[in-house]
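Visitor: Build me a structure from this.
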Amino acid sequence: MSVPERPLDTPRRIAAAYALILAAVSALNYVPGLTDAEGRAFGIFALDIYDDALHLASALWAAWAAWRSRAAALTFLKVFGALYLADGLMGLATGSGYLDLGIVLYGAQSMPLPIRVFGNLPHVGLGGLALVAGWLLGRNGSR
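Guide: Predicted coordinates for the structure are as follows:
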């Protein structure tokens, strides 16, 4: 007996795309040439094993949600979006986020505004887009 094929609707496709993006981000530190002498990806992001684990766990969550159901994908988009958006906004304000415990471990950090913006833009952008998609696609049952 085979499992019936379930079509991927828009929320599930978006969750699948997030799974791919987050898996790629978790691998950044391990691709030769993408980190500088100080271990910063693209000279901006100082990713460590905790960041990699967070991104990989998020990728697995997104993949599971995309595979599971529309409802799971919408929940992923809303919750992930809220968590990552808030983390990015906190990083913009303080120089440290909370998802990787940076605010607890290092406190507020003084850094130039461009570095603060570029360092937190991925979380603000990915989180904001996921949150908006989750709420808009979930409110009217559109595909």
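Visitor: Can you name the helix or strand that the closest residue to P11 other than its chain neighbours falls in?
Guide: Nearest residue to P11 in three dimensions, chain neighbours excluded: A73, at 4.0 Å (CB to CB, 6 or more residues apart in numbering). (Glycine included, C-beta is placed from N, CA and C.) Element membership for A73 (DSSP states H and E) is helix 70-94.
Visitor: The residue nearest to P11 touches I14, doesn't it?
Guide: Yes: with contact defined as CB atoms under 8 Å, A73 reaches I14; the gap is 7.1 Å.
Visitor: picking that back up, contacts only, for the residue nearest to P11.
Guide: 11-12, 14-15, 65-66 (CB atoms under 8 Å, 6 or more residues apart in numbering).
Visitor: coming back round to it: pLDDT averaged over the helix holding A73 - what is it?
Guide: Average pLDDT, helix 70-94: 94.
Visitor: Over to stretch 15-31?
Guide: Rounded mean pLDDT across stretch 15-31 is 90.
Visitor: and if you look at stretch 119-137?
Guide: The average pLDDT within stretch 119-137 is 94.
Visitor: contact partners of that stretch?
Guide: Applying CB under 8 Å, 6+ apart, the contact partners of stretch 119-137 are 10-11, 14, 18, 21, 25, 44-45, 74-78, 80-89, 91-92, 97, 99, 111.
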